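Visitor: curious how this folds, go ahead:
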Amino acid sequence: MERSNNITVFIFLGLSPNKNIEILCFALFLFFYIAILTGNLLIMISITCTQLIDQPMYFFLNYLSLSDLLYTSTVTPRLMADLLADRKTISYNNCMIQLFTTHLFGGIEIFILTGMAYDRYVAICKPLHYATIMNKQRCNTIIIACCTGGFIHSGSQFLLTIFLPFCGPNEIDHYFCDVNPLLKLACSDTHIIGLLVIANSGLVALVTFVVLMLSYFFILYTIRTYSAESRSKALSTCSSHVTVVVLFFAPVLFIYMRPATTFPEDKIFALFYTIIAPMFNPLIYTLRNMEMKNAMRKVWCHQIPPKQKLNFNYFCSWCHDSIRPHL
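Guide: Okay, the predicted model is just below:
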């Protein structure tokens, strides 16, 4: 299939035409990006350098931090550079690369969140079989499936876009290359492609969101008979996790579960799943977790004796009362 394309460079319209606002946004996003880098690197090093890497929850958390880091790095550095630039340009090839990598790492992150939800469900609802079900081989298989799913999703988005003809305006009303803003610029009928985008990105996000919510529902239903202290810990942690899930998925569903149209508000909503949610993930998944805090102290402050062994099944502070060692 031949593609008629007179466009070699795209121009981002950015977040705001006001330069003062863009400078303020640069300072804010620089702080956010440093927080994302620092938080996720701390988590990855602390898990990899301790026995936490052998526990399924932290095994998945390690990969979630890596995908967070790669995902936001496909967008944030260029966004910050463009905020200081007078002309925000990107070549056609780099635009396609950014589209592919953004959906690749974003898709992997979504699927890893689903894997983590399954891990929590098994730990709380089937504690006696947890060690058998969530063995090392199963965890590796889940990660491979997450990467494969992310690649298939990203490849589909890429193929839907790469053959579009661009022969007219080249101004993208966004701060990064995404499918819907590019469909708006294509000089051909994109109705069918728009429906395929909904079937791909929209349904992937919707199904994943429903699975995540169901996992929390079953967890909360299971702990209804636990002690008041255990229920309080579970509710506290689940509320934090649900907050991050909603911050990530609500704007994703708003953008991808509708016909291929663009609104000025899309850029604001996109900030939530490209920058804000990845910034909160390290805090949410470690702030209330004593084992994670201890691992960080062990690696960075040497406050825990090196030979202290961490229990395999005590992987989350709010399910200590329900899981007993079976190894």
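Visitor: mind listing what's buried in stretch 158-178?
Guide: Within stretch 158-178, the residues that count as buried by 16 or more other CB atoms under 10 Å are 158, 160-161, 164, 166, 170, 172-178. Bear in mind the C-beta positions are built from the backbone N, C-alpha and C, glycine included.
Visitor: inside strands: which ones of these?
Guide: Residues of these located in strands (DSSP state E): Ile172.
Visitor: possible to save the buried residues of stretch 158-178 as a markdown table with pLDDT?
Guide: Written out in a markdown table, the entries for the buried residues of stretch 158-178 read as follows (pLDDT from 0 to 100):
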| residue | pLDDT |
| --- | --- |
| Phe158 | 91 |
| Leu160 | 86 |
| Thr161 | 88 |
| Leu164 | 84 |
| Phe166 | 83 |
| Asn170 | 84 |
| Ile172 | 87 |
| Asp173 | 87 |
| His174 | 88 |
| Tyr175 | 90 |
| Phe176 | 91 |
| Cys177 | 90 |
| Asp178 | 88 |
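Visitor: ok, so of the buried residues of stretch 158-178, who is nearest Asn281?
Guide: Of all those, Asn281 sits closest to Phe176, with 19.6 Å by CB to CB.
Visitor: correct me if wrong: the closest one contacts His103.
Guide: No: counting by CB atoms under 8 Å, Phe176 sits too far from His103 to count as a contact (11.1 Å).
Visitor: circling back: among the buried residues of stretch 158-178, which ones are in helices?
Guide: 158, 160-161 (DSSP state H).
Visitor: closest to Arg87 among those?
Guide: Nearest to Arg87, judged by CB to CB, of those is Thr161 at 23.3 Å.
Visitor: contacts only, for the residue nearest the centre of the chain.
Guide: What sits nearest the mean C-alpha location of the chain, by CA atoms, centre = their mean, is Glu109, with 4.1 Å. Listed by CB atoms under 8 Å, 6 or more residues apart in numbering, the contact partners of Glu109 are 64, 67-68, 71, 150.
Visitor: just the buried members of those residues?
Guide: Burial by neighbour count, judged by 16+ other CB under 10 Å, picks out 64, 67-68, 71, 150 from the contacts of Glu109.
Visitor: which ones among these lie within helices?
Guide: Secondary structure defined by DSSP H assigns 64, 67-68, 71, 150 of the buried ones among the contacts of Glu109 to helices.
Visitor: gap between His191 and Pro169?
Guide: 19 Å (CB to CB, to the nearest Å).
Visitor: pretty sure Asn62 contacts Asp54?
Guide: No: Asn62 is beyond contact range of Asp54, at 11.0 Å (criterion: CB under 8 Å).
Visitor: tell me which of the two has more neighbours.
Guide: Here Asn62 and Asp54 are compared on neighbour count by other CB atoms under 10 Å; more neighbours surround Asn62, at 21 against 14.
Visitor: work out for me the element that one sits within.
Guide: If you go by DSSP states H and E, Asn62 is part of helix 56-73.
Visitor: quick one on the thing from earlier: find residues that contact each of Asn62 and Asp54.
Guide: Contact criterion CB under 8 Å, 6+ apart; residues shared by Asn62 and Asp54: none found.
Visitor: the longest helix in this structure is where?
Guide: Scanning the chain for the helix with the most residues, using DSSP H, yields helix 92-125.
Visitor: quick check: angle from that one to helix 56-73?
Guide: Helix 92-125 and helix 56-73 meet at an angle of 160 degrees, taking axes from the mean of the first three to the mean of the last three CA atoms, to 10 degrees as the criterion.
Visitor: please shift the residue numbers so they start at 4 in all later answers.
Guide: Right, with 4 as the first residue, what we last looked at is helix 95-128.
Visitor: contacts only, for Thr277.
Guide: Under the contact definition (CB under 8 Å, 6+ apart), the residues listed for Thr277 are 74-75, 78-79, 105, 179.
Visitor: take these and write them to TSV, including distance to Pro285.
Guide: Written out in TSV, the entries for the contacts of Thr277 read as follows (distance: CB to CB, whole Å):
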residue	distance to Pro285
Tyr74	13
Thr75	12
Val78	18
Thr79	15
Thr105	20
Phe179	22
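Visitor: you'd agree Met99 is up against Cys180?
Guide: Yes: using CB under 8 Å, Met99 and Cys180 qualify as a contacting pair, with a distance of 7.3 Å.
Visitor: so which residues of this protein form strands?
Guide: Assigned strands in the chain, in chain order: 12-15, 92-94, 174-175 (criterion: DSSP E).
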